[in-house]
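# what's the 3D shape of this:
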Amino acid sequence: MDRAEFLRELEEALAGEVSPATAAENLRYYDAYIAEEAAKGRDEAEVIEEIGGPRIIARTIIDSQGGGSGSGRPDFGTDSRQDFGDGGYREPDAYHEERRADAGSGYGRSVFIDLSKWYWKLAVAVAVVFILAVAVMLVMGFLSLVIPLLFAGAVVWAVLALVSWVVRNLFGR
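Residues are numbered from 1 along each chain as shown. Next up, the predicted model:
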């Protein structure tokens, strides 16, 4: 597969699934990345094979847009460079450093859990099972303390009732 075919398939897969700006941004990124690697002497087909299929990449981009990131920035991993929309490419760590610097600026962070993803469903299920297990353990622990006390109370009550009955019957009311 050559660069033009790769970009055409990626564009087709993104059409109607993400905003035109996001599609254009990602197409520019991959076009520039492939061109840059080819300029280093690597074969375009080898670079494209390393990147992965355009439909898989499109699905990742679409999922990241639906995942509530809101940044419009694709996640290409830690080994590749990213276009951060300011006209330049930087390593991903530079973006994260900026985010850490912004974290103290007074703006709250929100967390979005997309339950359409299998790993979030699994995490929620594990959390629910954990919470239920803790609740059952607390109830059972409470009962393990209360039941002996109730039993002891019942025995004391029975002994007192027996003594009271004996006293009444022996000494005649």
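# show the contacting residues for Gly141.
For Gly141, no contacting residues are found, by CB atoms under 8 Å, 6 or more residues apart in numbering. Just so you know, the C-beta spots here come from the backbone N, C-alpha and C atoms, and that holds for glycine as well.
# what mean pLDDT does stretch 58-66 get?
Mean per-residue pLDDT for stretch 58-66: 87.
# next: stretch 138-146.
Mean predicted lDDT for stretch 138-146 stands at 93.
# buried set for that stretch?
Across stretch 138-146, burial judged by 16 or more other CB atoms under 10 Å covers no residue at all.
# can you list the low-confidence ranges for this structure?
For the chain, the stretches flagged by pLDDT under 70 are 67-114, 173.
# can you give me the helices for it?
3-14, 20-39, 44-51, 54-66, 92-103, 118-170 (DSSP state H).
# now for the third one, which elements pack on it?
Secondary structure elements in contact with helix 44-51, counted by 3 or more CB pairs under 8 Å, 6 or more residues apart in numbering; DSSP states H and E, are helix 3-14, helix 20-39.
# for that helix, C-alpha coordinates in PDB please.
Extracted C-alpha coordinates of helix 44-51, given in PDB (Å, rounded to 0.1, in the frame of the first residue of the first chain):
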ATOM      1  CA  GLU A  44       6.900   4.100   2.500                       C
ATOM      2  CA  ALA A  45       5.300   0.600   2.500                       C
ATOM      3  CA  GLU A  46       7.400  -0.400   5.500                       C
ATOM      4  CA  VAL A  47       6.400   2.800   7.400                       C
ATOM      5  CA  ILE A  48       2.700   2.200   6.600                       C
ATOM      6  CA  GLU A  49       2.900  -1.400   7.700                       C
ATOM      7  CA  GLU A  50       4.500  -0.300  11.000                       C
ATOM      8  CA  ILE A  51       1.800   2.300  11.500                       C
END
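# just how off-centre is it within its chain?
30 Å (CA atoms, centre = their mean, to the nearest Å).
# what's the angle between that helix and helix 20-39?
130 degrees (axes from the mean of the first three to the mean of the last three CA atoms, to 10 degrees).
# for helix 44-51, buried residues please.
Neighbour counts over helix 44-51 (16+ other CB under 10 Å) mark Glu44, Val47, Ile48, Ile51 as buried.
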